[in-house]
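A.B. asks: Sequence and predicted structure are below.
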Amino acid sequence: MRAVIVSWFFSLLLIPVYVLSGNGDGNRSQACKVSDDQPSKAKKGRLKMKAGGLKLVIPASTGADKPSTPGRKTPSKSLSPDSRKNSPITISTATKYILGVDLDKCLLERDITGEINQNPFSFLAKEDRYKVEDDDFAIKDISQQFNGILEENPDVAIGILSFGFEEVAKIVVNHIVSERFRDEKRSFVLTPKSCGGVDGTNGLGDKTQMFEKLTKNKILAENIIFFDDDEHIIESAKKLGVEAVLAAPFTDAHIEQARRFFNAKKESIE
């Protein structure tokens, strides 16, 4: 008698499996079928008690393997770290020399990146929250000085190489370089985001990857003069062959040092 009851019990358990397998005709239903050529995308289901029997429940898709639906916009994917890292910077093809300057506590006497990191909500709304004034620089006629260097040297480009935020660095570039030279691609910005990192952090360790992007644009390391307030970054830049100078902050004396650097390069060619 006990054997009959056990047999009857197991037969009841097999009924929903029999139904789910294709109504007993030996064919698997489409809902339970897994493509033979895509085993890695198979999803494990679980049996859940519902009114009238058991139901196979498939976990919700994360979207990674969901086919696109006609008429539905698929969210655009951000650039992968590798593609950002390998994307070239845009500078004039005539550029042979670079004047590079760090942003916080060097070109700017303020640590604007630190201010944003400490109180991010105060900087989110509008660009005028990043507004810079002449008083933010140790050089009061900063734009006149930078534009003068670009006027004197058609083969020079000016760049900000910073661990800060790209948006802020671009606003500063717009302040120190005239529209004419920006249109001529005589200025640029490099931040961690340009090299696959995260802006506002020093996750890159130093600025080697930024200098590598410049050398991939056929700029020789020895033709770069770079100013930074961080001794560690200065030392790592020197190992690459860059003329690296400690500047905290960037002053008129450093402007004259950059001029002498470019004049010496021209004289060596002549």
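C.D. replies: Now that the structure is in, tell me what you want to look at.

A.B. asks: Please look at Phe227 and Lys105 and confirm they touch.
C.D. replies: No: contact criterion Cβ atoms under 8 Å: Phe227 and Lys105 do not qualify, at 11.3 Å. For the C-beta atoms, the positions are set from N, CA and C on the backbone; glycine is no exception.

A.B. asks: neighbour count winner among the two?
C.D. replies: Counting neighbours by other Cβ atoms under 10 Å for Phe227 and for Lys105 shows that Phe227 has the greater number, 26 against 19.

A.B. asks: do you know how far the closest residue to Thr90 other than its chain neighbours is from Leu204?
C.D. replies: In this structure, Thr90 finds its nearest non-sequential neighbour in Lys185, 5.7 Å apart by Cβ to Cβ, 6 or more residues apart in numbering. Distance, Lys185 to Leu204, by Cβ to Cβ, to the nearest Å: 24 Å.

A.B. asks: hang on, the earlier thing: and the residue nearest to Thr90, what does it touch?
C.D. replies: Contacts for Lys185 (Cβ atoms under 8 Å, 6 or more residues apart in numbering) come out as Thr90, Ile91, Ser92, Ala157.

A.B. asks: List only those of these flagged as buried.
C.D. replies: Ile91, Ser92, Ala157 (16 or more other Cβ atoms under 10 Å).

A.B. asks: next one: phi and psi at the closest residue to the first one other than its chain neighbours?
C.D. replies: Which is Ile91. Distances taken as Cβ to Cβ, 6+ apart put Ala157 closest to Ile91, at 4.8 Å, once the chain neighbours are dropped. When quoted as degrees, to the nearest 10, the phi and psi of Ala157 stand at phi -120, psi 150.

A.B. asks: repeat for Gly203
C.D. replies: According to degrees, to the nearest 10, Gly203 has phi -60, psi -20.

A.B. asks: and the closest residue to it other than its chain neighbours, what helix or strand is that in?
C.D. replies: Excluding its sequence neighbours, the residue lying closest to Gly203 (Cβ to Cβ, 6+ apart) is Gly197, at 4.9 Å. For Gly197, there is no helix or strand it lies in under DSSP states H and E.

A.B. asks: before we move on, what about Lys238?
C.D. replies: Element membership for Lys238 (DSSP H and E) is helix 231-239.

A.B. asks: who does the helix or strand just after that helix pair up with?
C.D. replies: Reading on from helix 231-239 to the C-terminus, the next helix or strand found by DSSP H and E is strand 243-246. Looking at strand 243-246 with DSSP bridges, its partner strands are strand 224-228 (parallel).

A.B. asks: any idea of the mean pLDDT in stretch 97-107?
C.D. replies: On average, the pLDDT along stretch 97-107 is 97.

A.B. asks: And it, end to end?
C.D. replies: Using Cα to Cα, to the nearest Å, the end-to-end distance of stretch 97-107 comes out at 19 Å.

A.B. asks: wait, which of the buried ones among the contacts of Lys185 is closest to Asp111?
C.D. replies: Ala157 (25.6 Å; Cβ to Cβ).

A.B. asks: Ser187 is in contact with the closest one, correct?
C.D. replies: Yes: applying Cβ under 8 Å as the test, Ala157 and Ser187 come out as touching, 6.4 Å apart.

A.B. asks: where do the contact lists of the two overlap?
C.D. replies: With Cβ under 8 Å, 6+ apart, Ala157 and Ser187 have no common neighbours.

A.B. asks: tell me the contacts of Phe165?
C.D. replies: Per Cβ under 8 Å, 6+ apart, neighbours of Phe165: Thr113, Ile116, Thr191, Asp199, Gly200.

A.B. asks: Alright, I will stop here.
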